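A.B. asks: Everything below, folded, please.
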Amino acid sequence: MRRHVEAYAKLNVALRVLRRRDDGFHEIDSLVQTIDLCDEIRIESARESIEVHNTAAIQGQDLAEAAARGLLAAKGAESGFRILIRKQIPIGAGLGGGSSDAAAVLSTIDAMTPPTIGPNALRGLAADIGSDVSLFLEGGLLRIRGRGERTERVASDGEEHYVVIVPPVHCATGPVYDAWKETKSNSSTGLVRGANDLLAAALSLYPELTPYRDAAQALSAAYWGMSGSGSSFYAAFKKRSDALAAAMYVTESLPSADVFACQAVESGHRVIEETP
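C.D. replies: Residues are numbered from 1 along each chain as shown. Here you go, the predicted structure:
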C-alpha cells in the first residue's frame, strides 16, 4: 500500500502575540492561509519499523516521524511504514513545513490503518506534536488561537495569490519571541491583514532581513507582511498575472532570495496518488 501526498505551506496573514503562558508557550491570535507551495511525501507500508528519509537535514527528531510513531502507539497498531519526504518548503522561514509534513503523515497513516481514530483524537495528537500541526489537518483560511492548536474556519473573500520571498536567513523562533517579550512591540489591536507583532523583534535580531522586508513592501500589493516569526515575507494579489510579474521582478532584484508565486488552497494536504 502506497500513497503520494502534497503537504502545503502556510502564511500568517495576520498575527497577534497576546501573552506568555504558564506552560512556556505564547498565546496567539492569527489568521492563517495555506498555499500551494508544498513538500512531497511518499508513504508506503513496511514490515515493522518506521523509517523516515528526508531530503533536508533536520535537527532533532523529524516531526513526521513523531507523528507516525505517536499515531500507531495511540491505535495500538504494529504496522511499519517507510516515509520519503522531498522538501520544497524552506526550513526556518515561518512557513510551517515540518508541521505540515506531520499533519499529512498523521492523516494519511490513520487512513491506511483502519479503523480511523476520528477527527477529535487526530487533533489531540496533532496538538501534542507541535503548535502548528493542527491547522494543517484542515487547511484553507483559518483563525488559530491558544498556542496554535485551536482552529476555526474563516470564509474566504475570494481567490488570492501571493509572492513569497524567502531570504537566505533562518529565524530561530524562540529568540524572536524572547525579543518580543523584551519590547512587547504589539503593532496591532485586531487581526489586520499584513500585521505581525513579531516583525519588529525579528528585524532587531536579524537586521539583514531589512531589504527583503522593503522588497515586499514596495510591490503595491493588496497587503504584505512577514509569516510567523520569519524569515519569509509575502505580498498578496488578486490576479495571478500580477503575482507572477511581481515574483519575476523580485527574483531579478534580489537574486539571493528564493521567490515563489503561490496560490491560496482550501486544504492542508492532498493525496495525489494511491496504490493498494
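A.B. asks: alpha carbons only for contacts and neighbour counts from here, please
C.D. replies: Will do.
A.B. asks: Show me how this structure divides into domains.
C.D. replies: 2-154, 161-263 (automatic domain parsing).
A.B. asks: Compile these into JSON lines and extend it with columns for mean pLDDT.
C.D. replies: Output for the domains of the chain, formatted as JSON lines (pLDDT from 0 to 100):
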{"stretch": "domain 2-154", "mean pLDDT": "93"}
{"stretch": "domain 161-263", "mean pLDDT": "93"}
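A.B. asks: which stretch among the ones you listed comes nearest Val271?
C.D. replies: domain 2-154 (4.3 Å; CA to CA).
A.B. asks: I'd like the distance from that closest one to the chain centre, please.
C.D. replies: Its chain's C-alpha centre and that of domain 2-154 lie 9 Å apart, by CA atoms, centre = their mean, to the nearest Å.
A.B. asks: can you check stretch 190-204 too?
C.D. replies: Centre to centre, stretch against its chain (CA atoms, centre = their mean), the figure for stretch 190-204 is 17 Å.
A.B. asks: what's next to it, contact-wise?
C.D. replies: If you take CA atoms under 8 Å, 6 or more residues apart in numbering as the criterion, stretch 190-204 is touched by 13-17, 29-31, 171, 176-177, 179-180, 183, 185-188, 209-210, 223-231.
A.B. asks: by contact count, what packs against the helix or strand where Ala68 lies?
C.D. replies: For Ala68, the host element (DSSP states H and E) is helix 63-75. Where contact means 3 or more CA pairs under 8 Å, 6 or more residues apart in numbering; DSSP states H and E, helix 63-75 is packed against strand 50-54, helix 97-112, helix 119-129.
A.B. asks: Buried only: go through the contacts of stretch 190-204 for me.
C.D. replies: 13-17, 29-31, 171, 176-177, 179-180, 185-188, 209, 223-231 (16 or more other CA atoms under 10 Å).
A.B. asks: Chain neighbours aside, what residue packs nearest to Phe233?
C.D. replies: Across the structure, with CA to CA, 6 or more residues apart in numbering as the measure, the residue nearest Phe233 apart from its sequence neighbours is Met226 (4.3 Å).
A.B. asks: my guess is the one you found meets Tyr234, correct?
C.D. replies: Yes - if you go by CA atoms under 8 Å, Met226 and Tyr234 touch, sitting 6.3 Å apart.
A.B. asks: first vs last residue of stretch 137-157, how far apart are they?
C.D. replies: Terminal residues of stretch 137-157 are spaced 21 Å apart (CA to CA, to the nearest Å).
A.B. asks: Now it: buried residues?
C.D. replies: 137-151.
A.B. asks: Name the nearest of those relative to Gln217.
C.D. replies: When these are compared against Gln217 (criterion: CA to CA), the nearest one is Leu141, at 22.5 Å.
A.B. asks: Next up, the contacts around Arg69.
C.D. replies: For Arg69, the contacting residues are Ile50, by CA under 8 Å, 6+ apart.
A.B. asks: Could you do His269 as well?
C.D. replies: By CA under 8 Å, 6+ apart, the contact list for His269 reads Val5, Glu6, Ala7, Tyr8, Ser100, Ala103, Ala104, Phe136, Leu137, Gly139.
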